[in-house]
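*Asks:* okay, sequence plus prediction incoming.
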Number of protein chains: 2
Amino acid sequence: MYDAVFRQMNKQLGQMDKWLDAAVEHAKAKSFDPNLYLGFRLAPDQFPFSRQVQGTCDVAKLAAARLTGKEAPAFADDEKTVDELRARIRATRAWLDGLSSNDFAGAGERTITQPRWEGKVMSGADYFLEHAIPNFFFHLSHVYAILRHNGVNIGKRDYLGALSFRT
Amino acid sequence: MYDAVFRQMNKQLGQMDKWLDAAVEHAKAKSFDPNLYLGFRLAPDQFPFSRQVQGTCDVAKLAAARLTGKEAPAFADDEKTVDELRARIRATRAWLDGLSSNDFAGAGERTITQPRWEGKVMSGADYFLEHAIPNFFFHLSHVYAILRHNGVNIGKRDYLGALSFRT
């Protein structure tokens, strides 16, 4: 299941990449610089668009790293353009692509911590459910919501992507 | 894992209930009718707050019903006040509380469909990963984002709720 959820996160990052196409198209139609999106936010004390994209990528990357014990690539968080955000998304996806279901063996029993927890730990299972999944979709949905709030022509189907229908 | 994710959704619905307290407090401090929130939205062609709350509840409820084969309670979708939304959240949580891990046996192998899919089906496993989880957190995050956009004093900790830390 761990592996399957990270594959879904990877898919959602691919959808986010496509939303950027629609965002650039909208900027073109309205004659504004598409890189302005990076500073847009829904509230003055919320993270801007650029940080929401970075956050979505990083929750997936760091959670997968912590749950597999693999080292994740570090990024400088200095993206200034839509193209640089796109590169960030693609680098994250490429790294996730390299993980296999075997890498997640024993993930639930791992002990997870991070600096801001000041010595406290969570089990891998709790961390995955209570932290990784909710945070990933939080940032992903904020990326989507900021674009929708600014008039970008995307909808629920662009959020979900193609579904595995059977006949 | 199915059961664990639905318990997490139940927890998140409890957090949403608490956000409504903060929303009512903010309305009081700013002297506006808290029931105005129900019509707020982030884009003219997105669902308003009331529908985002209903949607969060319904994704959890309908997905759990479809994955367990149990019948879910029907609601009229006619909430006009914050208190009525709160009742909706609590009724949904009470119904989810009644499910046990055994109820989800074989959930991944179930065949899932809904009227708008026009005869197409998904496996329980695909539906859960590709539809239920992303949709639940989509609506949950939009509820949160609409409140933040309107100045309500909630933050990431209110989104996540208490974490299962160990020492």
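*Replies:* Arrived safely.
*Asks:* assumed A:Pro73 was part of a helix.
*Replies:* No. A:Pro73 sits outside any helix when classified using DSSP: H, G, I helix; E, B strand; the rest coil, being coil.
*Asks:* what about it, neighbour count?
*Replies:* For A:Pro73, the count of nearby residues is 10 (other C-beta atoms under 10 Å in any protein chain shown). The C-beta positions use only the backbone N, C-alpha and C, and glycine is treated the same way.
*Asks:* what does A:Arg93 give?
*Replies:* Neighbour count of A:Arg93, defined by other C-beta under 10 Å: 19.
*Asks:* pLDDT of stretch A:99-109, averaged?
*Replies:* For stretch A:99-109, mean pLDDT is 97.
*Asks:* how about residues contacting that stretch?
*Replies:* A:Tyr2, A:Asp3, A:Phe6, A:Ala64, A:Leu67, A:Thr68, A:Lys70, A:Ser123, A:Gly124, A:Ala125, A:Phe128 (C-beta atoms under 8 Å, 6 or more residues apart in numbering or on different chains).
*Asks:* ok, so what distance separates the second one from B:Ser123?
*Replies:* Relative to B:Ser123, A:Asp3 is positioned 16 Å away (criterion: C-beta to C-beta, to the nearest Å).
*Asks:* in chain A, which residue sits furthest out from the middle?
*Replies:* Ranked by distance from the centre of chain A (C-alpha atoms, centre = their mean), the top residue is A:Thr167, with 31.2 Å.
*Asks:* isn't A:Phe136 up against A:Thr56?
*Replies:* Yes. Checked against C-beta atoms under 8 Å, the pair A:Phe136 and A:Thr56 is within contact range at 6.4 Å.
*Asks:* shared neighbours of these two, anything?
*Replies:* A:Gln12.
*Asks:* briefly note if the helix or strand containing A:Ala23 comes near chain B.
*Replies:* Using DSSP states H and E, A:Ala23 falls within helix A:2-29. Yes. Counting by C-beta under 8 Å from any C-beta of the partner chain, chain B has neighbours in helix A:2-29: A:Ala4, A:Val5, A:Gln8, A:Lys11, A:Gln12.
*Asks:* may I see the buried residues of that helix?
*Replies:* Across helix A:2-29, burial judged by 16 or more other C-beta atoms under 10 Å in any protein chain shown covers A:2-13, A:15-17, A:19-20, A:23-24, A:26-27.
*Asks:* stretch A:122-141 close to chain B?
*Replies:* Yes. Judged by C-beta under 8 Å from any C-beta, stretch A:122-141 comes into contact with chain B through A:122-123, A:125-126, A:129-131, A:133-135, A:137-138, A:140-141.
*Asks:* what about the strands in chain A?
*Replies:* Per DSSP state E, chain A carries strands over the ranges A:111-112, A:122-123.
*Asks:* which residue ranges of chain A form helices?
*Replies:* For chain A, helices defined by DSSP state H occupy the ranges A:2-29, A:49-68, A:82-97, A:124-127, A:133-149, A:156-160.
*Asks:* and the ones you listed as a markdown table, adding distance to A:Thr111?
*Replies:* As requested, those are exported to a markdown table (distance: least, C-beta to C-beta, whole Å):
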| stretch | distance to A:Thr111 |
| --- | --- |
| helix A:2-29 | 16 |
| helix A:49-68 | 10 |
| helix A:82-97 | 22 |
| helix A:124-127 | 8 |
| helix A:133-149 | 19 |
| helix A:156-160 | 34 |
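*Asks:* so how far is A:Ala29 from the most centrally placed residue in chain A?
*Replies:* Nearest to the geometric centre of chain A sits A:Thr56, at 2.4 Å (C-alpha atoms, centre = their mean). The gap separating A:Thr56 from A:Ala29 is 25 Å, by C-beta to C-beta.
*Asks:* same question, A:Tyr144
*Replies:* From A:Tyr144 across to A:Ala29, the span is 19 Å (C-beta to C-beta).
*Asks:* try A:Val152
*Replies:* Using C-beta to C-beta, we find A:Val152 at a distance of 10 Å from A:Ala29.
*Asks:* shared neighbours, these two?
*Replies:* Residues touching both A:Val152 and A:Ala29 (C-beta under 8 Å, 6+ apart): none.
*Asks:* quick one, what contacts A:Asp97?
*Replies:* Contacts here follow C-beta under 8 Å, 6+ apart; on that basis A:Asp97 touches A:Asn10.
*Asks:* got it, and A:Phe165?
*Replies:* A:Phe165 neighbours (C-beta under 8 Å, 6+ apart): B:Trp117, B:Lys120, B:Val121, B:Met122.
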